[in-house]
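S.K.: Quick one, fold the following:
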Amino acid sequence: MKFNLYPTVAGPASDDTLLIWQDASGKVKQIKSSVATLAALRALSVTNLSDGAIINVLGCESENDGGGGMFFYSLAGVAADDKGTVIKPTVGAGNWLRLEVENRINALWFEGVDIGSKINSAILVASDGGEIYVPRGSYDFSTTININKPKIKLCGDGQSTELHYTGSGNAIYCPLIAEDSKFRITSLWLHGTADTGKGIRVDSGIGPLSIIDNMFINGFSTHIDIGDLPGSNFHLTIRECFIDIGPSTVGVKMVVCNACTITDCFIQGSSGVVSTGVILDKCTNVTIRGGAVQYHGTANIVVRNASYITTIGPGTYLEGDVAGSLYVDVAADTKGITIIGNVFNGNSSVNYGILVRDGAVGVTIVGNRVDDFLTNFIHNLTSSTSVENRIFGFGNSGNTGELSGTNGVGMYLDRDGVLRFIQGLVIRIGSGDPNLNFPGQKGSLFLRYDGGAGTCLYVNEDGTNAGWAPK
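M.R.: Numbers count the residues shown, from 1 in each chain. Here you go, the predicted structure:
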């Protein structure tokens, strides 16, 4: 740059000025060295400063805290101070404007009492569809994070970004603000305190295609709490999350949700501790697929209060070790529940895997792997054959029993190759005379592969082990 082509600027440069010159139009331009914080920038007098001056701020509230950056001076600026991207000088007109602001906004740019308040300030600045980024680090906060603008994405650096909520309310709150108020919360570790409050609370009526993914959440009374009356949530997805829950707490609770999914999540309680993995309440067309729901002393999954068209599976692993726990609790007023292609492990300590309560309609249980339940894998309490419940097609090893109950339609092949029906009837294949060798249920069949004329088929006629009559 040829400085001698321009007139000399009158007056001495300040000590922290690196360069000061006059451009072709005659305006004075200068680049200053730096100030420590946004507060120092705000206090800097701009009375004699020309439009376009640039300054480096070393930090938001302290030097090197991750919130610094380059600002330029706009003499014509009239926007309000937003504590992060627009700084209003206390002496002089105009604004300082952060240079690097685009669609991704760093929460550390903003002044605030904690990371919650910083994120809230960043959301206010973001455009619809903007991304709020929380850099790696560990942050304590008590201010609820309010995602109160449509299409906001809140994200971090996965396990390297840890948010520790010290309050007792909602750590992250997504209120209903518009029908298109979808959001995405991703790549954060969110910790609560003493199993109180809610990790992520989503109001009813949130717009479709909202996503909660790649999260680790623990330490809350309800870790993800979605929906309530009135209204409903459509097409919300929870995927690839690890939810680690404590005593008497709930992993995911959905109320009045429609076409929502929980995919490839691990929702884990503690061995021997009472908790509930997933509650579906007044929900329609909800799917739980893949991942694992395990070690919940109350129930791994509860479907209740007129929920219908719910699918559990395929590929979900359900496990526990508390005798009184249930893996799936199907309430009396539910309809159209399908449990398909999953793995159930009773660990030789759980009584029942699935409880189908009296009044449940259209329950289908098919193609599941079952291991080591003390009493019955399925405890069927329906009192009417008209409910059309169907239970068939699962394999098992080590169960004391598989089915209880006498109503509905269904069959399965047990570990000994015996085809069993929900009413207790069996079809068994073997050799020799079945009398005194096999237990009997009136109407059951024995197919004898080494029999002859009149001894290939036996029917049990009295329900005893001596009641097998050849036909």
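
S.K.: Against residue 460, how distant is residue 435?
M.R.: 9 Å (C-beta to C-beta, to the nearest Å). Every C-beta, even on glycine, is put in place using the N, C-alpha and C of the backbone.

S.K.: Same question for residue 425.
M.R.: Residue 425 is 9 Å from residue 460, by C-beta to C-beta.

S.K.: Need the residues touching each of these two.
M.R.: Residues touching both residue 425 and residue 460 by C-beta atoms under 8 Å, 6 or more residues apart in numbering: 441, 443-445.

S.K.: Just those: which are in strands?
M.R.: residue 445 (DSSP state E).

S.K.: Give the ChimeraX command for selecting the buried subset of the shared contacts of residue 425 and residue 460.
M.R.: Buried residues among those (16 or more other C-beta atoms under 10 Å), as a ChimeraX selection:
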select :441,444,445
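
S.K.: quick revisit: compare residue 425 and residue 460 and say which is more crowded by neighbours.
M.R.: Between residue 425 and residue 460, residue 460 has the larger neighbour count (other C-beta atoms under 10 Å), namely 25 against 15.

S.K.: Show me what the more buried one bridges to in the sheet.
M.R.: residue 468 (DSSP bridges).

S.K.: Would you agree residue 324 is in contact with residue 349?
M.R.: No - Residue 324 lies out of contact with residue 349 (C-beta atoms under 8 Å); the separation is 10.3 Å.

S.K.: Show me how the chain divides into domains.
M.R.: Domain assignment for the chain, taken from automatic domain parsing, gives 3-98, 103-249+260-268, 270-417, 425-471.

S.K.: quick check: longest helix of the chain.
M.R.: The single longest helix within the chain, with elements called by DSSP state H, is helix 115-125.

S.K.: That one - contacts with which helices or strands?
M.R.: With contacts taken as 3 or more C-beta pairs under 8 Å, 6 or more residues apart in numbering; DSSP states H and E, helix 115-125 sits against strand 104-106, strand 131-133, strand 137-141, strand 145-146.

S.K.: Give the rounded mean pLDDT of that helix.
M.R.: The average pLDDT within helix 115-125 is 97.

S.K.: what is the orientation angle of it with strand 137-141?
M.R.: Using axes from the mean of the first three to the mean of the last three C-alpha atoms, to 10 degrees, one finds that helix 115-125 and strand 137-141 are set 90 degrees apart in direction.

S.K.: can I get the CA coordinates of helix 115-125 in PDB?
M.R.: Extracted C-alpha coordinates of helix 115-125, given in PDB (Å, rounded to 0.1, in the frame of the first residue of the first chain):
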ATOM      1  CA  ILE A 115     -24.900 -21.500  28.700                       C
ATOM      2  CA  GLY A 116     -28.700 -21.600  28.800                       C
ATOM      3  CA  SER A 117     -29.100 -17.900  28.700                       C
ATOM      4  CA  LYS A 118     -26.400 -17.700  26.000                       C
ATOM      5  CA  ILE A 119     -28.200 -20.200  23.800                       C
ATOM      6  CA  ASN A 120     -31.500 -18.300  24.300                       C
ATOM      7  CA  SER A 121     -29.900 -15.100  23.100                       C
ATOM      8  CA  ALA A 122     -28.400 -16.900  20.100                       C
ATOM      9  CA  ILE A 123     -31.900 -18.300  19.200                       C
ATOM     10  CA  LEU A 124     -33.300 -14.800  19.300                       C
ATOM     11  CA  VAL A 125     -30.700 -13.600  16.800                       C
END
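
S.K.: Show me the contact partners of that helix.
M.R.: By C-beta under 8 Å, 6+ apart, helix 115-125 touches 82-85, 101, 105-112, 130, 132, 134, 139-149, 152, 154, 163, 165.

S.K.: what about residue 464, neighbour count?
M.R.: 14.

S.K.: quick check, it in a helix?
M.R.: No - according to DSSP: H, G, I helix; E, B strand; the rest coil, the state of residue 464 is coil, so it is not within a helix.
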